[in-house]
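# here is a sequence together with a model predicted from it:
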Amino acid sequence: MSDLIRHGSGSAGILPCMDILKKTAALSETVLAALTDVPFPSIDADRPVDLLTRCPASGVTPLHESFALAQRAGVGQVHIKDERRRMGLGSFKALGAAYVIARDAEAGLAQGRTYVTASAGNHGLSVAAGALAFGARAVVYLADTVPEGFADRLRGFGAEVVRQGAIYEEAMAGAAQAAKDNDWALLSDSSWPDYFDRPHTLMEGYLVLMQEAVAQMPETPTHIFLQAGVGGLAAACAAHARLAWGDATRIVVVEPDAAPALFASIKAGTPQVTTGPESKMGRLDCKEPSLIALKGLARDADDFMLISEDDGATGSAACADAGYPTTPSGGAGFAGLLAARADPDVLGLTPASRVLVILSEQAS
């Protein structure tokens, strides 16, 4: 799949010799027509803010300006929304599943309930922490590629860990079957036909970080680079950015070339299941998009780009050198900005550009 989409001929918005897809109105309309029964992402940031501020570990995460990273990228400003310590869980994912369980608790539905999910990383921690906080039980399915150290972190929050499959999608299939067999609540951070309610609520939780960033930014950014796996973070942030800043900000979605699910789906005009090797950007190594996220990004994003494994490693190393250690997944937005330096005109980058990126998780 990556070979197919990497070497464009210039048709359908593909820029030749670049791993960048410039979304056109025609591409957007085709995708939206294919997803008529799928809801758009929520734009109601006030609802999760009201609930999450009641959590003991809640708190606004910082926005940093890094002159070193701006110089490295050849732009005027780089602002970093730093999610590495969000609610003590180490990533933005703390805002998602735990918020869904908190909503259930508010309705009297969480106590004694079993929530089951699959996770490539931090989503599972949010499920486990939310279940622990509200008297529920968590069962988390992990693919064999997820490190045992992460499984131990989940167990530390009281979760039961089940290993299944070689890739995230196989673990997700196991979780879905377990939910059906045991009458458990499936709490995925992705969405597919007939499974929209919980992921829609979960993505609403992610709006909190972008609402904070909008309030913290000294000026409207000219660009936002948003890393994506199934696309929930990117779609929520893009939706709120459009609400706050309109068309003044260019929104670029960044994926590993080993897992180009959103890129391929936008290019094809319909959701795609992609194939590829295992990516070291493990939190982004998702081969199939969330349908809610795909619909939102078909409306709100401007560009979709793929980065290599080397690009991801370079981006995280640059973040560490500047004093912001993270993983290749956590720094993939900045890695996309660095990769775009090869032809900055393609994305309209200049020495005066003001760029916002999200540092989505702490270093392993």
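It's in.
# Asp311 is in what secondary structure piece?
Assessed by DSSP states H and E, Asp311 sits inside helix 309-321.
# and the contacts of the next helix or strand after that helix?
Next along the chain after helix 309-321, taking DSSP H and E as the criterion, comes helix 332-340. Residues from elsewhere that reach helix 332-340 (C-beta atoms under 8 Å, 6 or more residues apart in numbering): 19-20, 69, 72-73, 75, 78, 80, 223-227, 252, 254, 256, 281, 284, 305, 307-308, 311-312, 314-316, 318-319, 328, 346-347, 349, 355, 357-360. Heads up, the C-betas are built off the backbone N, CA and C, glycines and all.
# list the helices and strands the helix holding Asp311 packs on?
If you count contacts as 3 or more C-beta pairs under 8 Å, 6 or more residues apart in numbering; DSSP states H and E, helix 309-321 packs onto helix 67-73, helix 332-340.
# return the most buried member of those helices.
helix 332-340 (a mean of 28; mean count of other C-beta atoms under 10 Å).
# sheet partners, orientation included, of the helix or strand that comes right after it?
Downstream of helix 332-340, the first helix or strand assigned by DSSP H and E is strand 354-359. Paired strands of strand 354-359, with direction, are strand 77-82 (parallel), strand 223-227 (parallel) (DSSP bridges).
# how big is the angle separating strand 354-359 from helix 309-321?
Here strand 354-359 runs at 100 degrees with respect to helix 309-321, directions being taken by axes from the mean of the first three to the mean of the last three C-alpha atoms, to 10 degrees.
# any chance of the helices and strands packed on helix 309-321 in a markdown table, plus mean pLDDT and distance to Arg103?
Output for these, formatted as a markdown table (pLDDT from 0 to 100; distance: least, C-beta to C-beta, whole Å):
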| stretch | mean pLDDT | distance to Arg103 |
| --- | --- | --- |
| helix 67-73 | 97 | 36 |
| helix 332-340 | 97 | 28 |
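# for the chain, which residue occupies the most central location?
Leu233 (3.4 Å; C-alpha atoms, centre = their mean).
# for that residue, give me its contacts.
92, 206, 226-227, 358, 360.
# looking at these, point me to the pair that's furthest apart.
Taking C-beta to C-beta as the measure, these span a maximum distance of 12.7 Å, between Tyr206 and Gln227.
# what about these two, which has more around it?
Taking other C-beta atoms under 10 Å, Tyr206 and Gln227 do not tie; Gln227 has more neighbours (31 against 28).
# sec struct for Val161, please.
At Val161 the chain is in strand, as set by DSSP: H, G, I helix; E, B strand; the rest coil.
# give me the pLDDT for it.
pLDDT, Val161: 97.
# how many neighbouring residues does Arg163 have?
13.
# contacts only, for it.
If you count contacts by C-beta under 8 Å, 6+ apart, Arg163 has them with 141-144, 151.
# where along the stretch 151-300 of the chain do the strands fall?
Counting by DSSP state E, counting those that start in this stretch, residue ranges of the strands within the stretch 151-300 of the chain are 160-163, 185-186, 223-227, 250-256.
# in TSV: these, plus distance to Val49.
What follows is those, written out as TSV (distance: least, C-beta to C-beta, whole Å):
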stretch	distance to Val49
strand 160-163	31
strand 185-186	24
strand 223-227	20
strand 250-256	22
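# which among those is found nearest to Gly88?
When those are compared by C-beta to C-beta, strand 160-163 sits nearest Gly88, at 20.1 Å.
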